[in-house]
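give the three-dimensional model of this entry:
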Amino acid sequence: MRVTKKLLLGSVVFTAALALAACAPSAEPSGESTDGGGPEEVTVGIVTSESGPLAGYGKQYLDGFQAGLDYATDGTGEIDGTAITIENRDDAGDPDKAVTAVKELIGEGVNIIAGTASSGVALAVAEQAEQNQVLYISGPAAADAITGVNDYTFRSGRQSAQDVATAGTFLDDIEGKTVTVFAQDNAFGQGNVAAVEAILGGKGATVNSVLVAEDATEFTPFAQQVLAGAPDLVFVAWAGATSGAMWQAMSQQGVLDEIPVVTGLGDSATFGAYGEASEKINFLNHYFPGAADNDVNTAMVEAIEDSGGTPDLFSPDGFNAAIMIVQAIKEGQGDVDAMVSALEGFEFDGPKGAMTVRASDHALVQEMYQAKLVAKDGTFVPELVDTVSADDVAPAEAE
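The predicted structure is shown next:
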């Protein structure tokens, strides 16, 4: 059995890993061997949201995964004579449902699991991966705790630490600057404060916060509080139905005119959510189709569009997962430890450019983006401001 690494603390995203027991033995693929020594067929279990609040993210991931599988296998669905079969399961954003699906797949002999946009689900599946010694490649789930949680778990997307580090790049030099975190007073908001303190505070910034009660509906006093503090940068972490009113207050009170304000740019469904504040906000970004300019991104975008889909925020996470799975099967030939070893240190070109699977903790080191929203044809569309070097935003190594 491989050695488990320690859990990385300080995630931006609120996660809840359930302690769930499993006793199924480690499974190996069944069937005859190919001439190259690998199995004739390998089944991959994809567990992600096809229903529930994260269903949109699940579709982006699945569309990207299919495009990536076609790309990595030249449209054959096989590698070196080994056919790759996909079994999809809907987790509905529910860790219990995901664990049940994973146990069923493992019981059927599946030893490669991928997917999920929910950090709580990903951590629960990661626990099953370790207990049953199967390979797990998580999807868009951003919790930092997933990185280094155990030796069987990898990720195909970015993590929250990369988001926070990207926010810091909007200042020429973070040392000696003051950063205010503006967020709701809940676990999500408090987690953001902790992450900004750890990452930007660790680079020499002074970090403070303005936390707003979840049931608040009037945001003018809080916007004024931010303005009175005169920070060098405001990092906004907000979710829910009050987002529009919050941004309106920030704009009306002049915060967006006086201080650089940074927040994360979500998927295309959110581009119209900022109202009059849209063109005044600085956005850190994981991906939008116009951010990357390379042949792999072009291939992914064309493949998704040809299939009737729309490339979006988490399409690369699915595409990357497919490339990683094909690499694991090609080099590991169905043996889990060999597949894990094949991915440690793996470098490949994804839709965002050069990607590196860090061998020590399985973080996926990658470029990030600075973006802005601009008005076009009655709506808002993202434009690239700058590409941030992968090394500049690489997360701290999990211990």
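
going forward, measure contacts between C-alpha atoms and count neighbours the same way
Fine.

does residue 56 count as helix, strand or coil?
With DSSP: H, G, I helix; E, B strand; the rest coil as the basis, residue 56 sits in helix.

now the residue nearest to the spatial centre of the chain: phi and psi?
By Cα atoms, centre = their mean, the mean C-alpha position of the chain lies nearest to residue 140, the distance being 3.3 Å. For residue 140, the backbone dihedrals (degrees, to the nearest 10) come out as phi -70, psi -10.

wait, what's in contact with it?
57, 61, 115, 116, 117, 118, 156, 157, 158, 314, 317 (Cα atoms under 8 Å, 6 or more residues apart in numbering).

hmm, try it at 6 Å
With contacts defined as Cα atoms under 6 Å, 6 or more residues apart in numbering, residue 140 is in contact with 117, 157.

mind listing what's buried along the helix or strand of the chain with the lowest mean pLDDT?
Every helix and strand of the chain was ranked by mean pLDDT, DSSP states H and E. The lowest is helix 187-199, at a mean of 91. For helix 187-199, a neighbour-count test (16 or more other Cα atoms under 10 Å) marks 188, 189, 190, 191, 192, 193, 194, 195, 196, 197, 198, 199 as buried.

just the closest of these to residue 393, please.
Nearest to residue 393 among these, counting by Cα to Cα, is residue 199 at 9.9 Å.

how about that closest one: what's its closest non-neighbour residue?
residue 165 (6.6 Å; Cα to Cα, 6 or more residues apart in numbering).

can you get me a residue count around that neighbour?
By the measure other Cα atoms under 10 Å, the count of residues near residue 165 is 22.

ditto for residue 88
19.

SS state for it?
Going by three-state DSSP: residue 88 is strand.

circling back: my read: the residue nearest to residue 199 touches residue 394, true?
No: applying Cα atoms under 6 Å as the test, residue 165 and residue 394 come out as separate, 8.0 Å apart.

just to revisit the earlier point, any idea how far residue 247 is from the residue nearest to the centre of the chain?
Plainly put, residue 140 is 26 Å away from residue 247 if you go by Cα to Cα, to the nearest Å.

mind saving the C-alpha coords of stretch 104-118 as CSV?
In CSV, the C-alpha atoms belonging to stretch 104-118 read as follows (Å, rounded to 0.1, in the frame of the first residue of the first chain):
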residue,chain,number,x,y,z
GLU,A,104,-20.7,-0.1,-6.9
LEU,A,105,-18.2,0.7,-9.6
ILE,A,106,-15.3,-0.7,-7.5
GLY,A,107,-17.4,-3.8,-6.8
GLU,A,108,-17.8,-4.3,-10.6
GLY,A,109,-14.0,-4.2,-11.0
VAL,A,110,-13.5,-0.5,-11.9
ASN,A,111,-10.2,0.9,-10.6
ILE,A,112,-10.2,4.3,-12.3
ILE,A,113,-12.6,6.9,-11.0
ALA,A,114,-12.8,10.6,-12.2
GLY,A,115,-15.0,13.6,-11.8
THR,A,116,-17.1,15.9,-9.6
ALA,A,117,-17.4,19.6,-9.2
SER,A,118,-18.2,19.4,-5.5
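
begin at 874 from here
Sure thing, new numbering starts at 874, so read that last one as stretch 977-991.

I'd say residue 987 and residue 1010 touch.
Yes: Residue 987 is in contact with residue 1010 according to Cα under 6 Å; the separation is 4.6 Å.

circling back to that earlier point, chain center to the least confident helix or strand of the chain, what's the gap?
Chain-centre distance of helix 1060-1072: 17 Å, with Cα atoms, centre = their mean, to the nearest Å.

tell me which helix or strand comes right after that helix.
Of the helices and strands lying after helix 1060-1072 in sequence (DSSP states H and E), the nearest is strand 1079-1085.

residues in contact with that next one?
Identification of contacts with strand 1079-1085 by Cα under 6 Å, 6+ apart yields 1051, 1052, 1053, 1054, 1055, 1056, 1057, 1058, 1070.
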